[in-house]
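Q: starting from these lines, generate the structure:
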Amino acid sequence: MASLTDYFNRNQYQPTYFLGDRVEGKWNGIPFIGTVANDGHVYVGKGPQVSIFVDLPIQYDGKIYKIITVKHEDIKPRK
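A: Presented below is the predicted three-dimensional model:
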């Protein structure tokens, strides 16, 4: 009988980025650099997303964001 760990490793989303990974990309057309907080698949219709602590706050539509959520295609690892 397989364990729950084996089941989840085979059948569930496996993250690409891990806590503390440095990334860069664009969010709503605004370039950013930040640190990964979470990489997960929470909503079935949206697909996997990455939560990021941005280094500098981003002002967008009159609000200031310190944590953003982006799709994998919008970011890349920082060298």
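Q: bridging residues for the residue most central in space within the chain?
A: Most central in the chain under Cα atoms, centre = their mean is Val50, positioned 1.1 Å from the mean C-alpha point. Beta-bridge partners for Val50, by DSSP bridges, are Asp39, Val70.
Q: identify the residues contacting it.
A: By Cβ atoms under 8 Å, 6 or more residues apart in numbering, the residues touching Val50 are 16-17, 23, 36, 38-39, 69-72, 75. C-betas here are computed from N, CA, C, even on glycine.
Q: tell me which two in these are the farthest apart.
A: Thr16 and Thr69 (14.6 Å; Cβ to Cβ).
Q: list the contacts for Pro31?
A: Per Cβ under 8 Å, 6+ apart, neighbours of Pro31: 24-25.
Q: what strand or helix carries it?
A: strand 30-40 (DSSP states H and E).
Q: which parts of that strand are buried?
A: Buried residues in strand 30-40, defined by neighbour count with 16 or more other Cβ atoms under 10 Å: 32, 34, 36-37, 39.
Q: can you put these in CSV and add distance to Phe8?
A: Compiled in CSV, those are given as follows (distance: Cβ to Cβ, whole Å):
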residue, distance to Phe8
Phe32, 31
Gly34, 28
Val36, 20
Ala37, 21
Asp39, 15
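Q: quick check, nearest of those to Lys63?
A: Looking across the buried residues of strand 30-40 and measuring by Cβ to Cβ, the closest to Lys63 is Phe32, at 14.9 Å.
Q: coming back round to it: average model confidence for the strand holding Pro31?
A: Strand 30-40 shows a mean pLDDT of 97.
Q: ok, stretch 45-58 next?
A: 95.
Q: now do that stretch: distance to the chain's middle.
A: 5 Å (Cα atoms, centre = their mean, to the nearest Å).
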